[in-house]
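Participant: Take a look and give me a structure for this.
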Amino acid sequence: MKRHLLTTVPAVLALAVLGTLGGCASSSKPTAPVQAAAPAPASNANSAQSSVAAVQAPAEENLGPAPNVPRSVFFAFDKYNIESQYRPVIQDNAQYLTSHPSAHVQLQGNTDARGSREYNLALGQKRADAVMNAMELLGAKPSQMEAISFGKEKPKALGTTAADYAENRRVDIVYQR
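Facilitator: Have a look, this model is predicted:
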């Protein structure tokens, strides 16, 4: 009997809390039929529509520079120096950050599957830090960037070919809200 009481009391309390949070229905009947609220003035209606549209948009679609601007910097095996061919990627993303002071990016360092977990986490962090330092030199504020490492835990390519390994040695520039 005690066990049944202990399981029903939390359930009853949870229902009571939900009823309180959701608003309690009045026990008295309304005297007039319930009608829909009058539409808000035009200026408020537009702002309400704008906020709804922003909530419904996927997070990745409207963040960052134009879709044609690459958001990954790739690295050579066991290296964390940025090769000259990726400088335009860093420049374009840094320029976006400087012109959008409220923008924020997460620089996600990645490695291929070779090496220990600890080694790859450290290498991924060095790669993310290298991209962050380069973007800072180009005017992006450190407060707009966060450098983290996934090591070998977030591969793009799952194979073991040289091309697969090369695809995984990267820093992804991920814009966030």
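Participant: Surely residue 108 touches residue 175?
Facilitator: No. Under the criterion of CB atoms under 8 Å, residue 108 lies out of contact with residue 175, with a separation of 11.6 Å. All C-beta atoms are positioned from the backbone trio N, CA, C, and that covers glycine.
Participant: I'd say residue 150 and residue 124 touch.
Facilitator: Yes. The pair residue 150 and residue 124 passes the contact test of CB under 8 Å, sitting 5.9 Å apart.
Participant: residues shared between the contacts of the two?
Facilitator: Residues touching both residue 150 and residue 124 (CB atoms under 8 Å, 6 or more residues apart in numbering): 108, 109, 110.
Participant: for the first one, phi and psi?
Facilitator: I take that to be residue 108. Reported as degrees, to the nearest 10, the phi and psi values for residue 108 are phi -100, psi 110.
Participant: And for the last one?
Facilitator: Dihedral angles of residue 110 (phi, psi; degrees, to the nearest 10) stand at phi -130, psi 160.
Participant: Looking at it now. What's its pLDDT?
Facilitator: Predicted confidence (pLDDT) for residue 110: 98.
Participant: what about it, how many residues close to it?
Facilitator: The tally of other residues near residue 110 (other CB atoms under 10 Å) stands at 26.
Participant: No further queries at this time; thank you.
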